[in-house]
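K.L.:
take this sequence and fold it.
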Amino acid sequence: MSSVRSIVIAVSPGELLDRMTMLSIHRKRSSNRSKRFGEAAEYQRLETVRTQRIGYPEELLPLESELFAVNSAIQKAEESMQRCEEREEFGNRYVDLAQSLFRHRRRRAELIEAIDSLVEELWSEPRQFAA
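P.N.:
As a prediction, the model looks like this:
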């Protein structure tokens, strides 16, 4: 089995936090031990980048908390849709789930954009240092 090398890409602060929330959700829900271990390792790498580049400004907490909730709702809707598809049930429940998924994904995009804007604003503020 060959090993695949990673490709490093630039992502926005919102995309970084989005990925971190998704990894956190997957780790909690996964029953596959080796997959959880890999996700934990990736989370730690991303956490290091976050600490170095973004930090933990309290202004981000509400957006990050909502992003976690939205990503949790997306995962639940996707899992429910998958169960419907396995049973070939494409009625009202399936349509409701699809519409819910659309709304959650749209909100997720808005939150990522809001995080990006906030971090940009924080980065552009002059730093105040105690004398």
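K.L.:
for the chain, what helix or strand is lowest in average pLDDT?
P.N.:
helix 33-53 (a mean of 89; mean pLDDT, DSSP states H and E).
K.L.:
chain center to that helix, what's the gap?
P.N.:
Computed by Cα atoms, centre = their mean, to the nearest Å, the chain-centroid distance of helix 33-53 equals 13 Å.
K.L.:
mind listing residues that contact it?
P.N.:
Pro13, Leu16, Leu17, Arg19, Met20, Leu23, Ser24, His26, Arg27, Ser30 (Cβ atoms under 8 Å, 6 or more residues apart in numbering). Every residue, glycine included, has its C-beta placed from N, CA and C.
K.L.:
okay if I get those residues as CSV plus secondary structure, pLDDT and distance to Ile74?
P.N.:
Conversion of those to CSV gives the following (DSSP: H, G, I helix; E, B strand; the rest coil; pLDDT from 0 to 100; distance: Cβ to Cβ, whole Å):
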residue, secondary structure, pLDDT, distance to Ile74
Pro13, helix, 96, 20
Leu16, helix, 97, 17
Leu17, helix, 97, 15
Arg19, helix, 96, 13
Met20, helix, 96, 15
Leu23, helix, 94, 14
Ser24, helix, 92, 13
His26, helix, 86, 12
Arg27, helix, 84, 16
Ser30, coil, 75, 16
